[in-house]
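# test case, fold it:
(one chain, ligands or ions: 1)
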Amino acid sequence: MAHRAAHRTLKPEQIPVTQEITTTVAGLSDLLRQQRQAFDTAGAVSAADRRRRLQTAIDLLVKYHKPLVQAMDADFGGRPQGYSLMNDVLGSLTSLKYARDHFEPWMASEPRTPFPPYDQFGAQAWVMYQPKGSIGIIGTWNAPLFTLFSPLASALAAGNRAILKPSEVVPETARVVAEAIAEMFDPLDVGVVTGGPDMGEAFTAQAFDHIVFTGSTQVGKTVMRNAAQNLVPVTLELGGKSPAIVSRTADLATAAYRIGVAKAANAGQLCVNPDVVYVARPQLEDFVAALKRTTGELFPGGAPSADMVAVVNARHLERVETCIREAVAAGARVEYAPSAPDSTDRRRPLGIVINPPATSRIMQEEIFGPAVVIRSYDSIDEVIADINARPRPLALYYFGEDEAEQSHVLERTLSGGVTINEAMFHAAMEDAPFGGVGASGMGHYHGREGFIEFSHVRTVFKAPAYDPRREWGLLPPYSDQFLAMMEAQVTP
Ligand code: NAD
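The predicted structure is shown next:
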């Protein structure tokens, strides 16, 4: 294995590295080969082994949460450590603990009913949930722990081994994750590789037993193309423009407050962040005023505030600000929350972009930053038509008190998940699958569905001693009676 042994120490805590951190494609191939060999040799993966691996991941996060949140703060150029604890450390711990405390009954084989007449003759059938083998997991920069450890929870619960690739956009975090995994895990259970897009390409070209990719829709297509070369199944956790619909029946102040709070989370750099908010035309000004009030309440001194998350790097800041500038040039109105931005700091107030043209970039691309689009509407059906004319979003939000309208919206749209009268909460559900649909992805993790995603659901049929086919005239040489018997069964 071509490896770089990682001997760097971390402050304030030191991480003694025992596993080597893989940084080369040859090393990755070798690690995967060894994991698969270990998987084949080990046979059935006991509940105790699964629990031990899940517990190791939990212990890792508990032991290294401080260097991890410090690294995230440094990588973002400002990410409150309490926020990183909540979003990434506790978000991951919740998934891992939920999996640890619930997976055991999911492992049991399930009896199924054999078809007639074999059911009468004593046939048996069941489905087994078997681990697939080695799962490759690629994470993003925006939630750098959650996008690795939350899918890992489902993968380990299902009895798999895994190799993780953190995002190179947050290099300090990637290094601490790699060193912590190297220290805590047997590489045959959970390994780690570091690198950027080139390593991503090589990673997805490996014959894993399943790949989980979290990232952009554009890169997701490359991942699926690479995985197809080896027929590797993929879970794609992608992004998109998640809409929020504010019904005329909504409590406007509450809706604006909750959307404002969601937009402040990670400075809008979350895959399920509300991107386009549809507000009834007569309520537009009241909504914008309430949204600005919320931002002012959360960050009383304006931007930059120590409680704000910074945009992760200059490239992403430029991307978001260009979108806003272009919208203004195209005639959109833009409202900033109280204070003006500081050019040396990447923490920004929320840019509220009102009614940009449908063709503008901010209406075409995922914002993924401290900006939001507000669009006024005259009828809910016009909103539904606009949502359906776009790629399927990862999330959809409905704020309102009209049950009939709520059903109308849910039944006529499709999105990865939905939260009603809040934003983003469905993604925190451990007892339900999290994933996208269409352009926002495929497959899911979390809950029993996550366990099934990383299991091979294997059907077993056990034949009875007696085979009726010869006696019943169902085998060659066929008689005329056989044809008549078959004909008789072609019924509606
Ligand atoms: P990205 O697609 O640029 O990168 C994601 C990961 O893919 C990184 O680890 C990167 O190194 C790797 N990568 C880059 N090029 C690759 C290639 N050619 N082949 C294989 N891997 C490659 O995404 P990002 O900027 O890190 O994250 C932002 C996007 O992720 C947004 O679209 C956001 O909505 C989405 N996202 C989705 C979820 C979800 O759960 N659905 C969660 C977080 C972020």
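
# the longest helix along the chain near the ligand at all?
Taking DSSP state H as the criterion, the chain has its longest helix at helix 47-76. No - using C-beta under 6 Å from any ligand atom, helix 47-76 never reaches the ligand; the gap is at least 12.1 Å. Bear in mind the C-beta positions are built from the backbone N, C-alpha and C, glycine included.

# what's that helix packed up against?
For helix 47-76, the packing partners by 3 or more C-beta pairs under 8 Å, 6 or more residues apart in numbering; DSSP states H and E come out as helix 81-84, helix 91-107, helix 146-157, helix 171-184, strand 190-192.

# could I get the ones you listed as CSV with mean pLDDT?
What follows is the helices and strands packed on helix 47-76, written out as CSV (pLDDT from 0 to 100):
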stretch, mean pLDDT
helix 81-84, 98
helix 91-107, 98
helix 146-157, 98
helix 171-184, 97
strand 190-192, 97
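
# out of the ones you listed, which gets nearest to the ligand?
Evaluated with C-beta to the nearest ligand atom, those place helix 146-157 nearest to the ligand, the distance being 5.3 Å.

# show me where the stretch 201-350 of the chain has helices.
217-229, 252-264, 284-298, 314-329 (DSSP state H, counting those that start in this stretch).

# just say which of those helices is most tucked in.
Of all those, helix 252-264 has the most neighbours on average by mean count of other C-beta atoms under 10 Å, namely a mean of 22.

# and it, what does it pack onto?
Checked by 3+ C-beta pairs under 8 Å, 6+ apart, helix 252-264 has strand 242-246, strand 274-280, helix 284-298, strand 395-399 packed alongside it.

# for the ligand, what's its nearest residue on the stretch 201-350 of the chain.
Gly239 (2.1 Å).

# beyond the helix or strand of the chain with the lowest mean pLDDT, next helix or strand please.
Least confident element among the helices and strands of the chain, by mean pLDDT, DSSP states H and E: strand 3-4 (a mean of 36). Using DSSP states H and E, the helix or strand that follows strand 3-4 towards the C-terminus is strand 21-22.

# chain center to that next one: distance?
Relative to its chain's centre, strand 21-22 lies at 25 Å (C-alpha atoms, centre = their mean, to the nearest Å).

# show me what the mean pLDDT comes to for it.
The average pLDDT for strand 21-22 rounds to 86.

# is whichever helix or strand comes after it anywhere near the ligand?
With elements assigned by DSSP H and E, the helix or strand that comes after strand 21-22 is helix 25-42. No - contact of helix 25-42 with the ligand (C-beta under 6 Å from any ligand atom) is absent, the minimum separation being 12.5 Å.

# which residues are contacting helix 25-42?
1-3, 20, 22, 131, 133-134, 136, 161, 163, 187-188, 191, 193, 199, 202-203, 206-209 (C-beta atoms under 8 Å, 6 or more residues apart in numbering).

# for this structure, what lies in contact range of the ligand?
138-143, 147, 165, 167-169, 196-197, 200-201, 204, 214-216, 219, 222-223, 237-239, 271, 366, 368, 394, 436, 441.

# among those residues, which ones are buried?
Buried members of the residues of the chain next to the ligand, counted by 16 or more other C-beta atoms under 10 Å: 138-143, 147, 165, 167, 169, 200, 204, 214-216, 219, 222-223, 237-239, 271, 366, 368, 394, 436, 441.

# now, those residues that are in strands?
Counting by DSSP state E, those place Ile138, Lys165, Thr214, Glu237, Gly441 in strands.

# which of these sit farthest apart?
Lys165 and Gly441 (17.6 Å; C-beta to C-beta).

# about what we covered before: can you list the buried residues in the longest helix of the chain?
Under 16+ other C-beta under 10 Å, the buried positions of helix 47-76 are 50-51, 53-54, 56-58, 60-61, 64-73, 75-76.

# need the helices of the stretch 201-350 of the chain in CSV (columns: mean pLDDT).
What follows is the helices of the stretch 201-350 of the chain, written out as CSV (pLDDT from 0 to 100):
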stretch, mean pLDDT
helix 217-229, 98
helix 252-264, 98
helix 284-298, 97
helix 314-329, 94
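
# turn these into JSON lines, including distance to Gln120.
Shown next, in JSON lines, are the helices of the stretch 201-350 of the chain (distance: least, C-beta to C-beta, whole Å):
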{"stretch": "helix 217-229", "distance to Gln120": "44"}
{"stretch": "helix 252-264", "distance to Gln120": "58"}
{"stretch": "helix 284-298", "distance to Gln120": "66"}
{"stretch": "helix 314-329", "distance to Gln120": "65"}
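
# ok, which of those helices comes nearest Leu93?
Closest among the helices of the stretch 201-350 of the chain, using C-beta to C-beta: helix 252-264, at 21.9 Å.

# so what pLDDT did the closest residue in space to Ile367 that isn't next to it in sequence get?
In space, and not counting its chain neighbours, Ile367 is closest to Asp275: 5.2 Å by C-beta to C-beta, 6 or more residues apart in numbering. On the pLDDT scale, Asp275 is placed at 98.

# does Asp275 touch Glu366 like I think?
Yes - at 6.3 Å, Asp275 and Glu366 qualify as touching, with contact defined as C-beta atoms under 8 Å.

# any residues in contact with both of the two?
With C-beta under 8 Å, 6+ apart as the test, Asp275 and Glu366 both reach Gly240, Lys241.

# hang on, Val353 in a strand?
Yes - Val353 sits within a strand when classified using DSSP: H, G, I helix; E, B strand; the rest coil.

# what sits against Gly435?
By C-beta under 8 Å, 6+ apart, the neighbours of Gly435 are Thr235, Glu237, Gly416, Gly417, Gly441, Met442, Gly443, His444, Tyr445.

# how about a cut-off of 10 Å?
Gly435 sits next to 235-238, 394, 416-417, 427, 441-446, 449-450, 453 when contact means C-beta atoms under 10 Å, 6 or more residues apart in numbering.

# for the closest residue to the ligand within the stretch 1-150 of the chain, list the residues it contacts.
Of all residues in the stretch 1-150 of the chain, Thr140 sits closest to the ligand, at 3.5 Å by C-beta to the nearest ligand atom. For Thr140, the contacting residues are 146-148, 166-167, 169-170, 213-216, 219, 237, 239, 269, 271, by C-beta under 10 Å, 6+ apart.

# show me how this protein divides into domains.
Split into domains by automatic domain parsing, the chain comes to 4-238+444-456, 243-435.

# can you add distance to Gln481 and give those domains back as CSV?
Formatted as CSV, these follow (distance: least, C-beta to C-beta, whole Å):
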stretch, distance to Gln481
domain 4-238+444-456, 17
domain 243-435, 50
